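Trainee: just the structure for this:
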Amino acid sequence: MAPALTAPELQRTLTQVEPAALRSLLRRELASAGLSLDELTFPLIVNLGEAYRPTLAVPFAELALELPHLLAPTLEKVLGFVGPGEARAEVVRLIGPQLLEAARRANDQCPHELWAIAGAHPSATLAFLRATHPTGVRSIEEETRAERLGAAAEALLALKRPRQAERLFKKLVAGSSPPHLAALARGRLADLS
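Mentor: Numbering: from 1, shown residues only. This is a model prediction of the structure:
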């Protein structure tokens, strides 16, 4: 019988691992405990405090691609490892569609990172919005949730449809949107002017 992997041992190795070695380290450490990297072990590892390193976000996102049935909160946790910048854009590019699919499976109409995903994966975002629209909403313009309306506008902007995006951004500014979303919409409107 293989020796059990202890949490302190894995935690220690996570604090020292180089990003390029993460995959092999996790596979080796898990195999030594008779485990494999799967939809059960991946979330446990990602939720260890030692995993929370911006330099590990991209390698964790690459590993997530191998596990198609991860839940949205696990994918959002990986995305949360990095702030704005190139690494965040790369993580969104890698796992954005997977996060949208996980949210759709969970009947989550508005995952936390929807606006960020919209710019990198506009067509997938619009498809997600159509597939998960609330009862009674027949089009993007009828959306009542500011986060979904903003994501639609961002997706339309990325698809080079500035007039459609502008209408939605104006609706965000005119409505009772949360201040941070209204500010983002005002910024986009200024850019479009």
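
Trainee: C-alpha from now on. contacts and neighbour counts both.
Mentor: Fine.

Trainee: chain center to the helix or strand hosting Pro8: distance?
Mentor: Under the criterion of DSSP states H and E, Pro8 resides in helix 7-16. Here helix 7-16 is found 25 Å from its chain centre; the criterion is C-alpha atoms, centre = their mean, to the nearest Å.

Trainee: then stretch 74-88?
Mentor: Worked out by C-alpha atoms, centre = their mean, stretch 74-88 lies 7 Å from the chain centre.

Trainee: avg pLDDT for that stretch?
Mentor: For stretch 74-88, the mean per-residue pLDDT is 89.

Trainee: contact partners of that stretch?
Mentor: 43, 46-47, 52-54, 56-58, 60-61, 64, 91-92, 95, 99, 112-113 (C-alpha atoms under 8 Å, 6 or more residues apart in numbering).

Trainee: if any of the residues you listed are buried, give me the PyMOL selection for them.
Mentor: With 16 or more other C-alpha atoms under 10 Å as the criterion, this PyMOL line picks the buried residues out of the contacts of stretch 74-88:
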select buried, resi 43+46+52+54+56+57+58+60+61+64+91+92+95+99+113
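
Trainee: mark which of the contacts of stretch 74-88 are part of helices, please.
Mentor: Among the contacts of stretch 74-88, the residues falling in helices (DSSP state H) are Pro43, Val46, Ala57, Val58, Phe60, Ala61, Ala64, Val91, Val92, Ile95, Leu99.

Trainee: and the helices in this structure?
Mentor: Going by DSSP H, the chain shows helices at 7-16, 22-32, 41-46, 57-64, 72-79, 86-105, 114-120, 122-131, 146-158, 162-174, 179-192.

Trainee: reformat the ones you listed as CSV; add distance to Ile140.
Mentor: Formatted as CSV, those follow (distance: least, C-alpha to C-alpha, whole Å):
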stretch, distance to Ile140
helix 7-16, 43
helix 22-32, 40
helix 41-46, 33
helix 57-64, 30
helix 72-79, 23
helix 86-105, 17
helix 114-120, 14
helix 122-131, 8
helix 146-158, 7
helix 162-174, 8
helix 179-192, 16
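
Trainee: deepest of the ones you listed, which one?
Mentor: Ranked by mean neighbour count, these are led by helix 146-158 with a mean of 25 (mean count of other C-alpha atoms under 10 Å).

Trainee: picking up where we left off before, relative orientation of the helix holding Pro8 and helix 22-32 in degrees?
Mentor: Between helix 7-16 and helix 22-32, the angle comes out at 170 degrees (axes from the mean of the first three to the mean of the last three C-alpha atoms, to 10 degrees).

Trainee: farthest-apart pair in the ones in helices among the contacts of stretch 74-88, please.
Mentor: The span of these, defined through C-alpha to C-alpha, is set by Pro43 and Val92 at 17.8 Å.

Trainee: before I go, just wanted to say thanks for your time.
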